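Participant: I would like the atomic coordinates for the input below:
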Amino acid sequence: GAKKVETSSASEKKRALRVLCFHGFGQDGAGFRSKTGSFRKDAASFAEFHFIDAPMTAEHPIIGPGLSWYDSYSRPSSQPTPSESTGDSDPSKSEEYENSGEPWDRFDETLKMIDNVFETQGPFDGVFGFSQGAGVVLALSALLERGEAPPHVRFRFAGLVGGFLPRDPLWRGRCTAQPITSVRSFHAMGLADEVVVPQRSRAAAACFVDAQVFEHPKGHMLPNDKVIRHAWRD
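Facilitator: The predicted structure follows:
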């Protein structure tokens, strides 16, 4: 279920940092866990990672249904973009459609679910997200800064891989209303990423005052790079 939390092998480590992880669109917690194997192994001495499933299924216009942190497809976009109108059928580029102007409908339901996870499975020291999940991490950080986070949601640091500013006007405004000073962050972005282009990830990083930015030459992925994995130690 959406509230199930899977715990990595570092759970017995004394004083391990506890990190709640948010997968990308169309993934799930177990799949994201498998994709972060090297990352988790490198951090096992000081961190444990917890993976949850997004609470809803959205019908993507190109790749069909998939788990999502918000519903972008229940009503037409008010701000269509060229990437939407071309109907690009390449699944590797599908998330560009997903992130390009659609509203974050039903995200209030997601916030209630996340609050329940923090209440029943927390506390968590940090949050970590990939792609759509990184967008959620940014939104949570902004809400925390504004004093508007759900009552049980508290954390000190955030990791965003392939992250972006929401294009939903309401949530974009909330994320950019004031600098995020209470959450340290690191941001990884691929210079060859055509799904979430580096400029969008840099815009997300610019929301944080204390942001570390790591660029890699690959695309829309969690890079198997020791430099980036070691960023957690800082």
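Participant: least trustworthy helix or strand in this structure by mean pLDDT?
Facilitator: Of the helices and strands making up the chain, the lowest-confidence element is helix 82-86, at a mean of 30, by mean pLDDT, DSSP states H and E.
Participant: In this structure residue 205 contacts residue 158, no?
Facilitator: No: with contact defined as C-beta atoms under 8 Å, residue 205 does not count as touching residue 158 (10.5 Å). Yep, even glycine has a C-beta here, placed from its N, CA and C like the rest.
Participant: Now for the two: what residues contact both?
Facilitator: Taking C-beta atoms under 8 Å, 6 or more residues apart in numbering as the contact criterion, the common neighbours of residue 205 and residue 158 are residue 185.
Participant: Among the two, which residue is more densely surrounded?
Facilitator: In terms of neighbours (other C-beta atoms under 10 Å), residue 158 is the more surrounded of residue 205 and residue 158; the figures are 25 against 21.
Participant: Report the separation between that one and residue 69.
Facilitator: When distance is defined by C-beta to C-beta, to the nearest Å, residue 158 is 15 Å away from residue 69.
Participant: And for residue 16?
Facilitator: In this view, residue 16 and residue 69 are 26 Å apart by C-beta to C-beta.
Participant: Please apply the same query to residue 166.
Facilitator: Counting by C-beta to C-beta, the gap between residue 166 and residue 69 amounts to 11 Å.
Participant: What are the buried residues along the helix or strand residue 215 falls within?
Facilitator: Element membership of residue 215 [criterion: DSSP states H and E] is strand 211-216. Residues 211, 213-216 are the ones in strand 211-216 that count as buried (16 or more other C-beta atoms under 10 Å).
Participant: just so I have it, where are all the helices in this protein?
Facilitator: Taking DSSP state H as the criterion, the chain contains helices spanning 29-35, 37-43, 82-86, 94-98, 107-121, 132-146, 169-176, 198-205, 226-229.
Participant: Restricting to C-alpha, output stretch 190-197 in PDB.
Facilitator: Output of stretch 190-197 as PDB, limited to C-alpha atoms (Å, rounded to 0.1, in the frame of the first residue of the first chain):
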ATOM      1  CA  GLY A 190      22.600  15.400 -16.000                       C
ATOM      2  CA  LEU A 191      24.100  17.700 -18.600                       C
ATOM      3  CA  ALA A 192      22.600  15.300 -21.300                       C
ATOM      4  CA  ASP A 193      19.200  15.100 -19.600                       C
ATOM      5  CA  GLU A 194      16.500  15.800 -22.200                       C
ATOM      6  CA  VAL A 195      13.600  14.900 -19.800                       C
ATOM      7  CA  VAL A 196      14.300  17.500 -17.200                       C
ATOM      8  CA  VAL A 197      16.800  19.800 -18.800                       C
END
